[in-house]
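J.: the following comprises the amino acid sequence and a computationally predicted model.
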Amino acid sequence: MESSLEQLALVKQKIGAAEQETNRPVGAVTLVAVSKTFDAEHIRPVIEAGQRVFGENRVQEAQGKWPQLKAEFPDIELHLIGPLQSNKAKEAVALFDVIETVDRDKIAAELAREIERQGRATRLYVQVNTGSEEQKAGIGPREAVAFVKHCREIHGLAIEGLMCIPPVDENPGPHFALLAKLAREAGVEKLSMGMSGDYELAVAFGATSVRVGSAIFGSR
């Protein structure tokens, strides 16, 4: 447990240094601690150390640990950062404060229905497949701006940001730059980009949140 707390402090320190180096305000970047595959016992010390924003990949896994933790710590903000199946939209809207993986019309329509039905103010990001990888979720870069507009105008969704996961074997810089460009064109302010291996670079490219898991919790 001590190790994860030391790593959390180090990650925060590096984010702060990256903000300073790029003349961004202190606190401009939100750390999303990715707690997927770790149980409540591992997560609790990190919460008690002051971390309040967490990311999970799977709705079902998150349901097994976060309702109790959120009851204990009501100011926690939980992000869904993995692909969402339309049949899980109800559960996702009920549990998550932010859903970062809106990437097709069917999901947008289901989320719109559930957000209205549950009266939730779920914050939403569109996931962009910046590398156009066939095996990866996300809307293509060329369709991204039009899709954001579609989500807003057709489904009434408040899309506040874009998210990407660059290809593992490529320099992430151009992907971060592309996402920032698309965000400007789409009129969204939030950029979720950067993970354990490249979050400092993501800060330099304008990330407003970085998703860091193994650099805090260790390997899974």
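T.: Received it, and whenever you're ready, just let me know what you need.
J.: what are the ranges of the helices in this protein?
T.: 2-21, 40-48, 59-63, 66-72, 89-95, 105-118, 141-153, 172-186, 199-204, 214-217 (DSSP state H).
J.: just the buried positions in stretch 55-62, please.
T.: Using 16 or more other Cβ atoms under 10 Å as the test for burial, stretch 55-62 gives 55-59, 61-62. All C-beta spots, glycine's among them, are computed from the backbone N, C-alpha and C.
J.: check stretch 176-191 too.
T.: 176, 178-180, 182-183, 186, 188, 190-191.
J.: same check, this time on stretch 200-216
T.: 200-203, 205-213, 215-216.
J.: tell me how far Glu133 lies from Pro166.
T.: 9 Å (Cβ to Cβ, to the nearest Å).
J.: neighbour count for the two, which is higher?
T.: Taking other Cβ atoms under 10 Å, Glu133 and Pro166 do not tie; Pro166 has more neighbours (24 against 14).
J.: show me where pLDDT drops low in the chain?
T.: Residue ranges of the chain with pLDDT under 70: 1-2.
J.: hmm, back to that, same list (the buried residues of stretch 55-62) but as JSON lines, adding distance to Gln68.
T.: Formatted as JSON lines, the buried residues of stretch 55-62 follow (distance: Cβ to Cβ, whole Å):
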{"residue": "Gly55", "distance to Gln68": "18"}
{"residue": "Glu56", "distance to Gln68": "14"}
{"residue": "Asn57", "distance to Gln68": "19"}
{"residue": "Arg58", "distance to Gln68": "17"}
{"residue": "Val59", "distance to Gln68": "16"}
{"residue": "Glu61", "distance to Gln68": "14"}
{"residue": "Ala62", "distance to Gln68": "11"}
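J.: which ones are touching Glu114?
T.: Glu114 sits next to 89-90, 92-93, 120 when contact means Cβ atoms under 8 Å, 6 or more residues apart in numbering.
J.: and Trp66, how far is that from Ala207?
T.: From Trp66 to Ala207 the distance is 24 Å (Cβ to Cβ).
J.: check Ala94 too.
T.: As for Ala94, its distance to Ala207 is 28 Å (criterion: Cβ to Cβ).
J.: Gly173 too?
T.: Distance, Gly173 to Ala207, by Cβ to Cβ: 12 Å.
J.: again, but for Gln20
T.: Distance from Gln20 to Ala207, by Cβ to Cβ: 15 Å.
J.: in stretch 4-20, what counts as buried?
T.: Buried residues in stretch 4-20 (16+ other Cβ under 10 Å): 4-5, 7-8, 11-12, 14-16, 18-19.
J.: gap between that stretch and the chain center?
T.: Stretch 4-20 has its C-alpha centroid displaced from the chain centroid by 18 Å (Cα atoms, centre = their mean, to the nearest Å).
J.: equivalent analysis for stretch 83-94, please.
T.: 15 Å.
J.: measure it end to end?
T.: 16 Å (Cα to Cα, to the nearest Å).
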